[in-house]
Structures are given as C-alpha cells and as structure tokens.
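S.K.: fold the stuff below for me.
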Amino acid sequence: MRAVVQRVSRAHVDVADERVGEVRPGKPGLMVLLAAGDGDDANDVSYLAKKIAGLRIFEDDEGRMNLSVTEIGGSILVVSQFTLYGDCRKGRRPSFVHAMEPVGAEALVDEFVAQLRAIGVHVETGRFRTHMQVNLVNDGPVTLLLDSNKAF
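M.R.: The predicted model follows:
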C-alpha cells in the first residue's frame with residue numbers, strides 16, 4: 001500500500017456539494033491519501049495504520065517534531081486515491097495496472113480506517129469511487145511518502 005501523509009491545519013473533502021469528511025476543525029491533524037496495489041494484504045494495512053498513527057511529526061513544547069497524531073488528540077482524513085499507483089515511466093499516459101481492483105482496494109481501505117479507529121484516532125473519509133474535491137492547508141509543509149512494500 002502507498003500513502004501520502006500530510007500534516008495539516010485543516011482539510012476537508014466534498015462530493016458534489018456535500019462535505020463528506022474533514023479533519024476536526026480547530027485541531028491539527030493528518031491528510032492521508034491511500035492506495036492499495038496488487039498483492040497488498042492485511043499485513044500492509046496493519047503496518048501503515050500503526051506507522052501513521054505513531055509518526056512523530058507534530059511539534060512539542062520545544063518546537064521539535066516529537067509528537068504523534070494520537071498524542072495531540074488530532075484526527076485523520078483518509079481519501080482513497082488509486083492514482084498513487086500511476087506508472088509514468090513510459091509514454092505520457094499513466095498506467096494503473098499495478099493498482100488493486102476496486103472491490104479489494106475498498107476492503108483494504110476500510111480495514112485501514114477501522115484499525116486507526118481501534119487505535120483511538122478520530123478518522124473521517126472521502127467516498128470511494130466518486131469524484132472528490134479535496135481541500136487542505138499543509139502545515140509546515142510536512143509531506144511524507146510511505147510504501148508498505150518497501151518496509152518489509
């Protein structure tokens with residue numbers, strides 16, 4: 001699985017004219033763009049959920065990145081984005097052949113969200129397989145790329 005993790009001061013996602021998810025207003029949090037690839041399974045989900053919940057990327061009282069989203073009581077907005085598996089090495093049109101098929105990918109994204117919630121993180125989401133408008137303010141900026149297949 002692949003994730004783009006951004007530390008945000010605010011973020012929300014809309015479908016049509018409806019707000020379907022957001023980072024809790026007034027509190028910093030994380031925006032996570034998440035994609036499942038061929039061969040990903042429960043181990044990938046578990047690895048990323050624990051890793052992201054525990055990332056120490058929020059500032060402590062001394063201004064050092066030393067606190068996790070769980071420690072600051074922040075929330076996470078998760079938006080599924082299969083285009084993270086876009087392969088642009090050949091030609092000019094991305095190939096998505098390594099992205100997991102939608103039914104399996106949705107199940108893994110749902111499990112990722114469930115595991116974050118089990119850890120105690122407030123999580124909201126986009127809406128799978130819809131056209132979404134994502135709005136965020138990247139705080140720092142802090143942006144990290146995670147790939148569970150490069151972790152084992």
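S.K.: ok, now which residue in this structure is the farthest from the centroid?
M.R.: Here the centre of the chain is the reference, and by CA atoms, centre = their mean the most remote residue is Gly91, at 28.1 Å.
S.K.: and it, what's its pLDDT?
M.R.: At Gly91, the pLDDT value in this model is 93.
S.K.: and if you look at Val23?
M.R.: For Val23, the model assigns a pLDDT of 98.
S.K.: how close does it get to Tyr85?
M.R.: Counting by CB to CB, to the nearest Å, the separation of Val23 from Tyr85 is 25 Å. C-betas here are computed from N, CA, C, even on glycine.
S.K.: more neighbours: which of the two?
M.R.: When Val23 is set against Tyr85 and neighbours are counted by other CB atoms under 10 Å, the residue ahead is Val23, at 26 against 20.
S.K.: spatially nearest residue to the more buried one, not counting backbone neighbours?
M.R.: With CB to CB, 6 or more residues apart in numbering as the criterion, Val23 has its nearest non-adjacent residue at 3.7 Å, and that residue is Gly29.
S.K.: before we move on, the earlier item: mind checking the SS state of the residue farthest from the centre of the chain?
M.R.: coil (DSSP: H, G, I helix; E, B strand; the rest coil).
S.K.: tell me where this structure has helices.
M.R.: When assigned using DSSP state H, the helices of the chain occupy the ranges 42-54, 69-72, 102-119.
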